[in-house]
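Visitor: only geometry, no sequence info:
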């Protein structure tokens, strides 16, 4: 049941992308959850999240990025430079954070040295940092420009009707992910955190209709699956971007640990947000994608994010929160400082871990800290 | 934080140093020399500033006025707005609020105190900011987190999309200190109609926020007075910039710092105008006499700092420039991008124009001015996009006949570290020897000044510049 999700999650050029390419259709990658994937599904283009797994070495990443930069965009650039993203017909860069938005220049500049690594459709999607009316207006316009650009570049037409259908399909998947999240909040949890995270990440790189169908079957199977939560501490993982299931696996290697919730960019944080299926589809996508403010890039919205987190912690009866941030990720790193203060005050134990993205070279150090944390919350 | 550091208020301590120095400037040479014997830790920077004569004295008086405004604001029933160097304080003066600009206070502490801003930098991390966040905010913010500064009433910053780390520090501070917060936001481009409309829409939202926080309705007569003063100031700066194009440059290196420090804390205040006028007089005198602004009178090479300067202990960077015969042609911080400046001719649509003919025109003017402050102007979008950092740097380097370009920042500057290597390569391709410094402009513990200096000297030697 989980094999196809695992394969999709742990491989850049996974089988479903290979099959899509073999059918002669286009693939467009995007770096941030603020890009409405529905646009591409409506155009019969496969949208996939650009990821950094499978990185070996950092010679290319380090040649373009400076030293004081998060390793996630460096890993992406490394993979691009090595030709691992040559299957992309397009790439969209967004200002999710400064390091990620600089991938725009570094990727283009690396393309001057490594021929053919910049996809023919290379687009900067300018997402504002506020939800005031002019911010929403700007974002709607950006979505319309993106649609226009896709239409012109790929010589196709994206109708409102096609967008509505895509929204409906994505919402179906979102509802299922919400259901999965709800199942994980129960006293008896039939799925490990690693499995659940693999399922969620897979949704960002698989054709949505295929994914939704598989997800439906998974949910059905969970109804009869025995629980895996007995005697375990219920943990939540939050923080910097993570598309690597190894980080959850590392936590769950401890026999008394189970990750029952996460609040991560590749997790249900975004994938759980529904988009209105009536009215103007562009406005609906703008409202949903920008309006939720669940990422620290939306400055000044910390109180809202704290409340969302507290609700999730209460719903899933969390025993402890593991806050991980990639080194040089100030947005999550600093917000963790506030969250630690406020959650601990509310009686919720927290562990802050700074790490590098990429091959988990410092697993020993991280594991020791996780084990110490588990000891603390087991007392 | 060490107990002894907690014994002294941060801004009060800085004020006493600056105010006493400004008074010393009015005394006799003998009196001044006597004073310097009693301030061994401040001696170096004060000597350097007072050594600039009247402009240095006026700069100190302007700083003293800024601190006096800050320390007496609450007594006078005014609100204190914590803000950042890329946000024009003019709008705050227009609503009768008092700005406190964290980066300037960090720079002052870094330059003036034997221990720099180290204790405060560390305390900000104890409070929860990451140690990799930008030290320019972190220094002063640390002191304010520790309750060693006047309590701000609200926070205003800009730059999301321009510098996350900056905005993040203010967002953190607003939560840590439980103060209302407003962030001005910028799209990636600068000079198209859609972007300009976004600027003014966001600026109007800012005005609403300021009115709510200060309890004062925007007084457009006062705004007009402030903006006219800003225009006068930017005109004087533009005059000096024109003269700075001469070879040798008649502008002393330290004036660049005077220019932007004043702009970031006293824009629109008459004290800043006075200081600028004194500087312009001195620069004009130098130009008329064919004298270089360097102490030695010999300009060996001309240097453009494409980002920020180096502020750590005892103003060593500025002394080194003078000692080595390097004319400082300004930095991203010192250029105003007011219409008519030499460097903006090359980059169409990059300048702003002051128009005080109506309320709407004034709001548009200050929104456009703000949109051209450092970082906001040039690193909001891809560096090689029209009007952005590469265009700006090349335009300035050409106009000022720079011999080389140096990048200096802080490890916290994610925005520039994200692309400075390709940027430097592009500058090199255009014929400008470009050096990337790996120090921290505010924290000598990242790299000692001695090491920084050695690496700078290596660059000048290896590239055959000196």
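Guide: Thanks, I have the structure now. All values reported here derive from a predicted model rather than from experimental measurement.
Visitor: elements contacting the helix or strand bottoming out on mean pLDDT in chain B?
Guide: Least confident element among the helices and strands of chain B, by mean pLDDT, DSSP states H and E: helix B:29-37 (a mean of 86). Judged by 3 or more Cβ pairs under 8 Å, 6 or more residues apart in numbering or on different chains; DSSP states H and E, the packing partners of helix B:29-37 are helix B:10-24, helix B:43-50. In this view, the C-beta of every residue, glycine as well, is placed from N, C-alpha and C.
Visitor: Quick one: residues contacting residue A:350.
Guide: Contacts of residue A:350 were listed using Cβ atoms under 8 Å, 6 or more residues apart in numbering or on different chains, and they are A:320-323, A:336, A:339-340, A:343-344.
Visitor: of the helices and strands packed on helix B:29-37, which approaches chain A most closely?
Guide: Checking those against chain A by Cβ to the nearest Cβ gives helix B:10-24 as the closest, at 20.8 Å.
Visitor: relative to helix B:29-37, how tilted is the closest one?
Guide: Orientation note: helix B:10-24 sits at an angle of 160 degrees relative to helix B:29-37 (axes from the mean of the first three to the mean of the last three Cα atoms, to 10 degrees).
Visitor: So which bits of helix B:10-24 are buried?
Guide: B:10-11, B:13-15, B:17-24 (16 or more other Cβ atoms under 10 Å in any protein chain shown).
Visitor: Could you do stretch B:396-412 as well?
Guide: Buried, per 16+ other Cβ under 10 Å, within stretch B:396-412: B:396-397, B:399-400, B:402-412.
Visitor: what's the answer for stretch A:310-322, then?
Guide: A:310, A:312-313, A:316, A:318-322.
Visitor: Mean confidence (pLDDT) on that stretch, please.
Guide: Here stretch A:310-322 scores 97 as its mean pLDDT.
Visitor: still on that earlier bit, can you name the two of the buried residues of helix B:10-24 that are farthest apart?
Guide: B:10 and B:24 (21.9 Å; Cβ to Cβ).
Visitor: Name the helix or strand for residue 169, please.
Guide: Let's take chain A. helix A:160-185 (DSSP states H and E).
Visitor: hmm, I had chain B in mind actually
Guide: helix B:164-176.
Visitor: Following the chain onward from the helix or strand of chain A with the lowest mean pLDDT, which element is next?
Guide: Ranking every helix and strand in chain A by mean pLDDT, DSSP H and E puts helix A:268-271 at the bottom, with a mean of 70. Downstream of helix A:268-271, the next assigned helix or strand under DSSP H and E is helix A:281-291.
Visitor: now that following helix: how far from the chain's centre is it?
Guide: Relative to its chain's centre, helix A:281-291 lies at 18 Å (Cα atoms, centre = their mean, to the nearest Å).
Visitor: ok, residues contacting that helix?
Guide: A:33-36, A:38-39, A:127-128, A:131, A:135-136, A:139-140, A:143-144, A:147, A:160, A:163-164, A:167, A:270, A:273-278.
Visitor: which residues touch the closest residue to residue B:304 other than its chain neighbours?
Guide: If the residues on either side of it in the chain are set aside, residue B:304 comes closest to residue B:402, at 4.0 Å by Cβ to Cβ, 6 or more residues apart in numbering or on different chains. Each residue near residue B:402 by Cβ under 8 Å, 6+ apart is listed here: B:302-304, B:329, B:396, B:432.
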